[in-house]
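Visitor: my questions are about this predicted structure, shown below with the sequence.
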Amino acid sequence: MLATLTQPTCRLVTLGCKVNQYETQLVKEALVSGGYREAEEGESADICVVNTCTVTATGDSKGRQLIRQLARRNPGTRTIVMGCYATRDPKAVAELPGVFEVVRDKRELPDVLDRLGIVELPRGISHFDGRQRAYVKVQDGCILRCTYCIIPQVRPGLQSRSPEDIEEEVKRLLDAGFQEIVLTGIHVGHYGVDTTRGRSNRPPFRLHHLFQRLDRIPGRWRMRLSSIEAREINEDFIRAAADCEHLCPQFHPALQSGSNSVLRRMRRRYTSEQFLDTIDAMRTHLDRPAFTTDAIVGFPGETEEEFSETVSVCRQAGFSKIHVFPFSPRAGTPAADAPDQISPEVRKDRLHRLEAIERELACGFHASLMGQTLEVLVERAAADRPGFVRGTDRRYVPVTLPGDETDIGQLVEVRAISSDETGILGER
């Protein structure tokens, strides 16, 4: 007991995307293997690690607030700050209370941890704390230049992990009891591009090759892609996806706008017609695939007609879920300084209108699954409904079903018996 109490303690907090959550888990496992333990609730931590986000100015503000809170609640702590905000504005981060190290580049992590006595950063993770599905980062970096996005400035270049390391990590996570693996990255569809660029003698190994390789891992488990650009879904991708036993038939191509003129101003690489053709091709070859997406409303110069084009494309695509964002000017991006900025009132109005369309589309998609047998990953107890649990099926539809805590983390088959815009009710 005394040895446990004298162990150095750590506390880790994450803001932002799935990649950040994965990277925090990696650092946590490095600290634990190096002799640290996670601080308990109410206990002060010797080391705090904050993984920040800078997608919006709000993300920066949340990061600063969190760092100050940790300094107050963990007197004398040394805070390590990593992530995209730390990369974008290291000087501002370094001036915050308690900050001991600012990791401007994730490649600096081994040196930072070495100064804490951690001699080696793991090559991958073996668990994913607090979640029933595990994220696996397969690549980093983005080489696109969408006019609204700051991320290529803070995660430049491309860096793909080796398929061997990824496969070993997936096997470890499956052995640890996880039954769903989510392949994630900053630009997942560019997986493998960096490994063959300029090397004509080396055969390409792309994302569809990767999930085909992972699909050969035996057992009852499933694999999901966090996102994929429509431009990167070609015939080879669709053919491979159709042949994969473990790959979930749910894909997240980000539309952003259904107006070709807005897409050009965003510097996206497709037209709305090309996007819809891709959706149609996937529906032809896959078993009732679900499509979720992101959409930005109120982009600079967006007219009511251009917004209506987005509504029309969303209806034609038949999305099961739309993450709708009002345009948020991000300092350092071309769109932030673009003329014809849309008023907050108009942005909010269009947000609500597209969210209403999203609910309508979700209700229709859920209804289309009535009577079907669904495979659900149970994630939590239904706090408002005793004797029931909640999870998601292979198409990422929320499902409520009879069950208890012993079902959490398991794949359970149910029959869909009723639905609404929020999800499906199933019976076992």
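Guide: Sure, I can see it. Residues are numbered from 1 along each chain as shown.

Visitor: please count neighbours and contacts with C-alpha atoms only from this point.
Guide: Will do.

Visitor: contact partners of the one helix or strand Phe291 maps to?
Guide: Element membership for Phe291 (DSSP states H and E) is strand 290-297. Strand 290-297 is contacted by residues 249-257, 307, 317-327, 347, 350-351, 395-396 when judged by C-alpha atoms under 8 Å, 6 or more residues apart in numbering.

Visitor: in strands only, show me these.
Guide: Judged by DSSP state E, these include 250-251, 321-326 as members of strands.

Visitor: which of these are buried?
Guide: The neighbour count (16 or more other C-alpha atoms under 10 Å) marks 250-251, 321-322, 324-326 as buried among the ones in strands among the contacts of strand 290-297.

Visitor: and of these, the nearest to Ile233?
Guide: Phe251 (10.3 Å; C-alpha to C-alpha).

Visitor: could you measure from the closest residue to the closest one other than its chain neighbours over to Gln250?
Guide: Closest residue to Phe251 apart from its sequence neighbours, by C-alpha to C-alpha, 6 or more residues apart in numbering: Phe291 at 5.1 Å. To Gln250, Phe291 is 6 Å away according to C-alpha to C-alpha, to the nearest Å.

Visitor: now Gly219
Guide: Counting by C-alpha to C-alpha, the gap from Gly219 to Gln250 is 20 Å.

Visitor: also Val297?
Guide: On the measure of C-alpha to C-alpha, Val297 and Gln250 end up 24 Å apart.

Visitor: what does Leu411 give?
Guide: Leu411 sits 17 Å away from Gln250, going by C-alpha to C-alpha.

Visitor: give me the number of residues near Leu286?
Guide: 16 (other C-alpha atoms under 10 Å).

Visitor: touching, Pro75 and Ser44? I think so.
Guide: Yes. Using C-alpha atoms under 8 Å, Pro75 is in contact with Ser44, at 6.9 Å.

Visitor: looking at those two, which one has more neighbours?
Guide: Between Pro75 and Ser44, counting by other C-alpha under 10 Å, Ser44 is the more crowded of the two (20 against 12).

Visitor: can you tell me which residues contact the closest residue to Arg206 other than its chain neighbours?
Guide: Counting by C-alpha to C-alpha, 6+ apart, Arg206 lies nearest to Gly192, which is 4.9 Å off, once chain neighbours are set aside. If a contact means C-alpha under 8 Å, 6+ apart, then Gly192 has 160, 204-207 as its contacts.

Visitor: most surrounded residue in those?
Guide: Leu207 (24 neighbours).

Visitor: where does it land on pLDDT?
Guide: The score at Leu207 is 97. That number is its pLDDT.

Visitor: that one is in contact with Tyr191, isn't it?
Guide: Yes. Between Leu207 and Tyr191 there is a contact under C-alpha under 8 Å: 5.4 Å.

Visitor: how is this protein carved up into domains?
Guide: Under the assignment automatic domain parsing, the domains of the chain span 2-114, 125-248, 373-427.

Visitor: find the nearest non-adjacent residue to Ile151, please.
Guide: According to C-alpha to C-alpha, 6+ apart, the nearest residue to Ile151 is Val55 (6.8 Å).

Visitor: can you pull up the bridge partners for the spatially closest residue to Phe128 that is not a sequence neighbour?
Guide: Among residues not flanking Phe128 along the chain, Ala134 sits closest, at 5.5 Å (C-alpha to C-alpha, 6+ apart). Applying DSSP bridges to Ala134 yields these beta-bridge partners: Ile181.

Visitor: and the helices in the stretch 101-250 of the chain, which stretches?
Guide: 109-114, 151-154, 163-175, 193-196, 207-215, 235-243 (DSSP state H, counting those that start in this stretch).

Visitor: if we can go back for a sec, would you mind giving the buried ones among the ones in strands among the contacts of strand 290-297 as TSV with distance to Ile67 added?
Guide: As requested, those are exported to TSV (distance: C-alpha to C-alpha, whole Å):
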residue	distance to Ile67
Gln250	36
Phe251	35
Lys321	33
Ile322	32
Val324	29
Phe325	26
Pro326	27
